Each structure stands twice: as structure tokens, then as C-alpha cells.
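*Asks:* Take this sequence and fold it.
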Amino acid sequence: MSALVGTGTLLRFALRRDRVTTPVWIAVNALMVLSMPGTLRSLYGTAAERADLVSQLQTNASFRALIGPLHDTSLGGLTAWRVGVYAGLLAAVTSLLVVVRHTRDEEETGRAELVASGAVGRRAALTAALLAAAVANGVLALIVTAGLAGQGAAGALSLGLGVAATGMVFATTAAIAAQLTESARLARGLTAAVLGAAFVLRAAGDSATAGGTSQAFGTGGGSSPWTWVSPLGWLENLRPFAAERWWVLLLFTAAVLAQAAVAYVLAGRRDLGMSFFPTRPGPAAGRLGSAAALAWRLQRGGVLGWSLGFFLAGVVYGGLTQGAADLVGDNENARRIFERMGGRNGLTDAFLASMIGTLGLLAALYVVASVLRLNSEETSGRAEPLLACPVSRLRWAAGHLTIAFAGSALIMLLAGAGFAVGYGRQVGPVLGACLVQLPAVWVIGGFAVLLYGLAPGLCAPASWGVAVAVLLIGWVGPALNAPQLVLDLSPFGHLPKLPGGGMEWGPVALLLGLAAALTAAGLTGLRRRDLTA
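*Replies:* Numbers count the residues shown, from 1 in each chain. Next comes the predicted model:
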């Protein structure tokens, strides 16, 4: 029997399972890219404003590290500069989630063994997962290319292909991680670590590059060797809308083919459900003598990873604060966007508030992922043996929810500490601004608990959908000048704009009460329903 028998059937099944989540990720990414030309036209509509931007990027290494170098001042070139790297990041995240879900997740839950008992080839599941990621990235490339074609067909095509190719590089990275690890959580974490390293290498290379623009503007613009080590750096060096370097696509192609070959070789040399780095068994007593201790053992890797990421993000954003006023300069449109995100109490305070608000939106993703660990423990069958012991459902759930809610407080505190290191001023107000994000974060977490308690079959897609929608409203809404009614749909829209603004305890108390009510309702539902078979 061929090793690829059944690939088509498994691919159709994967696309059916992802018919909600993957289109949402694609839509968010495409909207982020396609909304930029209109926003940038209002921000840098004149030659003088674009010349000032070029001048600022030449001397501001921090912003080059965060966003990248500017290769062309056309509207398409500005779009590729502003969102190209982040579109590649989002495509990579989508791809790794798709591949791990249809490979290691299936083996961990036992469904892969059931499927393998039929007429299915040994490498059919891996091939179907990679093809599902390819379909997602292909659709994204088509949308980006069609949406930006008015700015230049060649540039739109190169940006669309570059973003999709970045996604496929990390899809094959996830395929390797799925063979090496025995846990889907570890596979996702390992791939995410590689993605984080790629971003750091790209940022280090861009910050070290002399000048912030290409040689077309007379400032050098040669890429650092560190940039060429990172696939995100390849995306930059493809140079959409700026004398495209089509040969860079060969680097993506070589990386995808090489990593896919490694994944196929590894898949053929291990037993189903096994891995090359098996999970080390832990003690059954001692530190794991309680449900809370087990929850910490299961989630400590995620907490530590998010904590480190938020601290480093705080350091980076804090370092950018000093140059924020210089970069915006006299551009009233840019000033209004920052003020809409962060309040109207001075540009520096508005920049701090907007960056802290962005981290709060990302903290909502953490709390959703942590709460949904309850669902994964239940559906995998690991919760049932634990609850057969003298451990109540509420006590079991409380351990994971403590990690979720207290962990979100920890990562926001560490973000504040990072701002203190990077900025070095207003330490108390900045810490307070970080903590005031927590009521909105906990509302999103409480909604996830509610869905888990009442509708466990829908909790994962619905919770992620709400979290992504809130992220989209908070991130893109102000730039698109969305109506206040739309911004108010997010709990983050009701928080006081700190630092700089006045503290408003009423909305904070209401959000805390709503989070508590949602959590209580979800736990009540968990007590009364049957566990998932």
C-alpha cells in the first residue's frame, strides 16, 4: 500500500474541521494588510511627510527593529514595510496550529490510531496536514495579491507569495516538531520558540543595519547577515513594491522542501503515538500531590514562556517610548490614532497607553489558551481518571483557572517591569496601567469558562473567535477610524486610558463583576453536565 493512500480524504476532513477557525485567521490577516493603504494614505499623504518618515527611520534603530527597514515610499512600499513582517508572523502562527492539530493532536487523542486501522498510508496524515496549511496560505496569498493589485501587480504578488511562503516554512517546522515531541502542546511551543527566535534575529539585523532605508534613498540599506538567517528577514529582502528580488523565493522553497523531507523521514522511523523525545514520566506524589500542583506542572512551560515574552516586549516598547514623539513629529493623523488608542493626555502617555493596551489584548490570548487546557484535558481522557479520585470538578477546574487568571496578572506585571527597564520613568503609573488591563482580560477568560461549562463542543472555536475579534477591534479599529460603537464592543474599550488619564473605578468594577459572573456560570454548568465521552 502506498504511504500516501487516503491523503485526499484526510485533507477534506481537515478542511471541514477547520472551516471556522482557519477562515477567521485568514480574514484577520488579510484585513490587517488590506486596511493599511487607506490608513497610510492619511498618515503619509504628502512627499514632505514621507521624507520626514525616512529621516526618522535613519536614526531610530528601535523602530527599525520593531517594524523593519523601509525600501520604498510608495503606498505599496509603505504597506509592505508596516505590516509585512507581522502578516508573515500571523501566517506562521496559523500554519503551525493547523499542522500540529492534524498530526500530533490526532495521535495524542487516539484518533490517529483509529484512522490508521483503515486503508490509510503511513504518511497520509502528515501530507494532509501540510496540504491544509498550503490551502490556507494559498487563499491568503490570493486575497493579498488581489487586494493590493491597485498599488502594483508585481509588488502585490511578491508580498502575497512572501507571506504565504513564510507560513509554509513554519508549517514544515511544525511538522518536524510534531515528530520530535510526544505532546501537541510541546510541538506548538517548540515551533513558537523557533518563530520567536526568527523574529529576534530579524530585529537584531535590522537594528544593526546602517540607515533605515534602501540604497534608493542614498542611505546604504544593506541587510545584516542576521537578517538573512531568519525567514522573516527573507520576507523583508524580497522587497515587495521596491524592485522585487524574486530569487529570494528560492530560499523559501529550499527551506520548505528540506524541512518537509526531514519530517517525512522522521515520520517513517517512529511508531504511531511515539516520538523521538518522549515525555519524561513524573512522580505521582510529592509536588504533584494535589490537583493545583498538577495544573501548575502542566501549564508552567506556557506561563514561563509568556512571562519572558511580555517582559521582553515591555523592554522593547519602553525603549521606543522616547522616540515616539520624534517619529510622529507634526503628523496630526498619526497623533490622532495614538490618542484614540491611548487617550488625549500627551503623545508620550498616549503611546505608552496604546502599547500597554496592545499587550493587554495579547494577554487575552494567553488566558483563553490557559482556560481551554481544561477542555483538552477532558477530551483527551486524562481528566476522568483524576476525577475518579477524591477530587471534585470544582477543585480540579480551580487549579487550571488559578493558573489562567493569576498567570495573566503575572505577565502584565512583568510587562510593567519591562517598561521600567526600557523607559526608566513613571514606574508606578506604568505598572498601574498594566494592571488595569486585567479586568478586560478576565472578562475574555470568564467567557471562555462559560463556554466550557455550557457548550464544551463549541468552547474552543468560539473562545478563540471572540479573542481574535477583540484583538482586531483594539488593533485595527482606531487606525480605520471605526465608530465608537464598534470600539465599545470590546471590554478593553471601557478601561481608563492610563498612564496620563484619570482612574475610573466604575467601569473597572463592572468588568470585574462581569468576569466573576461569567466564571461562576461556567463552573455551575461544569458541575451539572456529563464529561465528554
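*Asks:* Now for the closest residue to Gly525 other than its chain neighbours, how many residues are close by?
*Replies:* Residue nearest to Gly525 in three dimensions, not counting chain neighbours: Gly453, with 3.1 Å by Cβ to Cβ, 6 or more residues apart in numbering. All C-beta atoms are positioned from the backbone trio N, CA, C, and that covers glycine. Applying other Cβ atoms under 10 Å, we find 24 residues neighbouring Gly453.
*Asks:* Show me what the longest helix seen in the chain packs onto, helices and strands only.
*Replies:* The longest helix of the chain (DSSP state H) is helix 291-328. Packing partners of helix 291-328 (3 or more Cβ pairs under 8 Å, 6 or more residues apart in numbering; DSSP states H and E): helix 47-59, helix 61-67, helix 184-208, helix 332-342, helix 347-371, helix 373-379, helix 393-422.
*Asks:* thinking again about what came up before, spit out the contact partners of the residue nearest to Gly525.
*Replies:* Ala521, Gly522, Leu523, Thr524, Gly525, Leu526, Arg529 (Cβ atoms under 8 Å, 6 or more residues apart in numbering).
*Asks:* Equivalent analysis for Glu378, please.
*Replies:* Per Cβ under 8 Å, 6+ apart, neighbours of Glu378: Glu384, Pro456, Leu531, Thr532.
*Asks:* now for these, which pair is the farthest apart?
*Replies:* Glu384 and Pro456 (13.6 Å; Cβ to Cβ).
*Asks:* Who has more neighbours out of the two?
*Replies:* Remark: of Glu384 and Pro456, Pro456 carries more neighbours, 19 against 13, as counted by other Cβ under 10 Å.
*Asks:* Wait, that one touches Asn375, no?
*Replies:* Yes. At 5.9 Å, Pro456 and Asn375 qualify as touching, with contact defined as Cβ atoms under 8 Å.
*Asks:* Show me the shaky parts of the stretch 401-533 of the chain.
*Replies:* Within the stretch 401-533 of the chain, the segments meeting pLDDT under 70 span 477-482, 533.
*Asks:* Run through the helices of it in chain order.
*Replies:* With DSSP state H, counting those that start in this stretch as the criterion, the stretch 401-533 of the chain has helices at 427-435, 438-454, 456-476, 484-487, 505-528.
*Asks:* Check the stretch 151-300 of the chain too.
*Replies:* 153-180, 184-208, 225-229, 231-237, 248-267, 291-328.
*Asks:* ranking the ones you listed by mean pLDDT, which is last?
*Replies:* Out of those, helix 291-328 stands lowest, with a mean of 80 (criterion: mean pLDDT).
*Asks:* Okay, angle between it and helix 427-435 too, please.
*Replies:* Angle between the axes of helix 291-328 and helix 427-435 is 120 degrees (criterion: axes from the mean of the first three to the mean of the last three Cα atoms, to 10 degrees).
*Asks:* what separates helix 291-328 from the chain centre, distance-wise?
*Replies:* 13 Å (Cα atoms, centre = their mean, to the nearest Å).
*Asks:* now swap in stretch 165-181 and tell me
*Replies:* 16 Å.
*Asks:* Around Arg528, how many other residues sit close by?
*Replies:* That count, for Arg528 with other Cβ under 10 Å as the rule, works out to 10.
*Asks:* correction: Thr79
*Replies:* By other Cβ under 10 Å, neighbour count at Thr79 equals 28.
*Asks:* helices and strands around the helix or strand containing it, which ones?
*Replies:* Secondary structure from DSSP states H and E places Thr79 in helix 75-102. On a contact count with 3+ Cβ pairs under 8 Å, 6+ apart, helix 75-102 meets helix 7-17, helix 21-34, helix 36-43, helix 61-67, helix 124-148, helix 153-180, helix 184-208, helix 231-237.
*Asks:* just the angle between the fifth one and helix 248-267, please?
*Replies:* Which is helix 124-148. 160 degrees.
*Asks:* again, but for the first one
*Replies:* Counting by the same axes, to 10 degrees, helix 7-17 lies at 110 degrees to helix 248-267.
*Asks:* From the contact counts, what lies against helix 7-17?
*Replies:* Counting by 3+ Cβ pairs under 8 Å, 6+ apart, helix 7-17 packs on helix 75-102, helix 124-148.
*Asks:* rerun at 6 Å
*Replies:* helix 124-148 (3 or more Cβ pairs under 6 Å, 6 or more residues apart in numbering; DSSP states H and E).
*Asks:* try the fifth one
*Replies:* Contact analysis of helix 124-148 by 3+ Cβ pairs under 6 Å, 6+ apart lists helix 7-17, helix 21-34, helix 75-102, helix 153-180 as its packing neighbours.
*Asks:* ok and the third one relative to helix 7-17, angle-wise?
*Replies:* Direction vectors for helix 75-102 and helix 7-17, defined by the same axes, to 10 degrees, enclose an angle of 110 degrees.
*Asks:* just the angle between helix 75-102 and helix 21-34, please?
*Replies:* Using the same axes, to 10 degrees, helix 75-102 lies at 170 degrees relative to helix 21-34.
*Asks:* Going toward the C-terminus from helix 75-102, what's the next helix or strand?
*Replies:* helix 104-109.
*Asks:* Relative to Leu250, how far out is the closest residue to Thr253 other than its chain neighbours?
*Replies:* Once flanking residues are discounted, Thr253 sits nearest to Ala165: 7.5 Å by Cβ to Cβ, 6+ apart. Taking Cβ to Cβ, to the nearest Å as the measure, Ala165 falls 10 Å from Leu250.
*Asks:* Give me the more crowded residue out of the two.
*Replies:* The neighbour count for Ala165 versus Leu250, taken as other Cβ under 10 Å, is higher for Ala165 (24 against 10).
*Asks:* is it true that that one touches Leu251?
*Replies:* No. Between Ala165 and Leu251 no contact is recorded; they are 8.8 Å apart, counting by Cβ atoms under 6 Å.
*Asks:* so Met412 makes contact with Ala433?
*Replies:* No. At 9.4 Å, Met412 and Ala433 do not qualify as touching, with contact defined as Cβ under 6 Å.
*Asks:* The two: which has the busier surroundings?
*Replies:* A direct count of neighbours by other Cβ under 10 Å for Met412 and Ala433 places Ala433 higher, at 31 against 26.
*Asks:* quick one, what contacts the more buried one?
*Replies:* Contact analysis of Ala433 by Cβ atoms under 6 Å, 6 or more residues apart in numbering lists Ile356, Leu498, Pro499.
*Asks:* Most neighbours out of those residues, which is it?
*Replies:* The most neighbours, when these are compared by other Cβ under 10 Å, belong to Ile356, which has 28 neighbours.
*Asks:* In JSON lines: the helices and strands packed on helix 124-148, plus distance to Ala397.
*Replies:* Below are these laid out as JSON lines (distance: least, Cβ to Cβ, whole Å):
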{"stretch": "helix 7-17", "distance to Ala397": "26"}
{"stretch": "helix 21-34", "distance to Ala397": "24"}
{"stretch": "helix 75-102", "distance to Ala397": "24"}
{"stretch": "helix 153-180", "distance to Ala397": "29"}
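*Asks:* Of all the ones you listed, which one is nearest Leu43?
*Replies:* helix 75-102 (8.5 Å).
*Asks:* Right, I'll call it a day here.
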